[in-house]
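**Q** got a structure for you, letters missing:
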């Protein structure tokens, strides 16, 4: 296998859960970070879902890419599939991602893109609706607000401001 990269835009940025050779800031064009996935396990329940991030089409997204060692690729992919594909609200896609390390290099990275046809895709919502879902969400990985806070902190550490996440945090 050649180089294997994984793109993170949400919790993978601050809790990847796998080992890697390199972690670099990156930009993905054609998709944007969006609180558009109803969480019924990790950050909510079926009765009181939370709202987590997905890559939705359009725009661009700053995140990070992780380069995975050849001997860790199979285990990393298995781990990611168990973590991200448990209910198939995401689809795996190999997408071109630009490294923001000064090299301007473009690599192909595995990214988890929201499936707009899945029942847990929430689509666009008003800020009030987003705040209500984040406020009520609490699942096996903890409160939904902690997820939003940790993601926002990871972005701020990269010098990135996500105005939607900031607005949600200000309201809750």
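**A** Received it, and whenever you're ready, just let me know what you need. Source: prediction; values computed, not measured. Numbers count the residues shown, from 1 in each chain.

**Q** flag every buried residue along the longest helix along the chain.
**A** Criterion DSSP state H: the longest helix present in the chain is helix 144-157. Neighbour-count burial for helix 144-157, counted by 16 or more other CB atoms under 10 Å, picks out 144-145, 147-152, 154-155. C-beta: built from backbone N, CA, C; applies to glycine.

**Q** equivalent analysis for stretch 99-107, please.
**A** By neighbour count, with 16+ other CB under 10 Å as the criterion, the buried positions of stretch 99-107 are 99-100, 107.

**Q** before we move on, what about stretch 26-39?
**A** Within stretch 26-39, the residues that count as buried by 16+ other CB under 10 Å are 26, 28, 31-39.

**Q** what's the farthest-apart pair in those residues?
**A** By the measure CB to CB, 26 and 38 form the most distant pair in the buried residues of stretch 26-39, at 27.0 Å.

**Q** just for this structure, where's the confidence low?
**A** Of all residues in the chain, those with pLDDT under 70 make up the ranges 1.

**Q** can you give me the helices for it?
**A** 11-14, 73-84, 127-136, 144-157, 163-171.

**Q** let's have those in JSON lines, adding distance to residue 50.
**A** Formatted as JSON lines, the helices of the chain follow (distance: least, CB to CB, whole Å):
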{"stretch": "helix 11-14", "distance to residue 50": "12"}
{"stretch": "helix 73-84", "distance to residue 50": "16"}
{"stretch": "helix 127-136", "distance to residue 50": "6"}
{"stretch": "helix 144-157", "distance to residue 50": "3"}
{"stretch": "helix 163-171", "distance to residue 50": "12"}
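
**Q** please consider this matter closed, and thank you.
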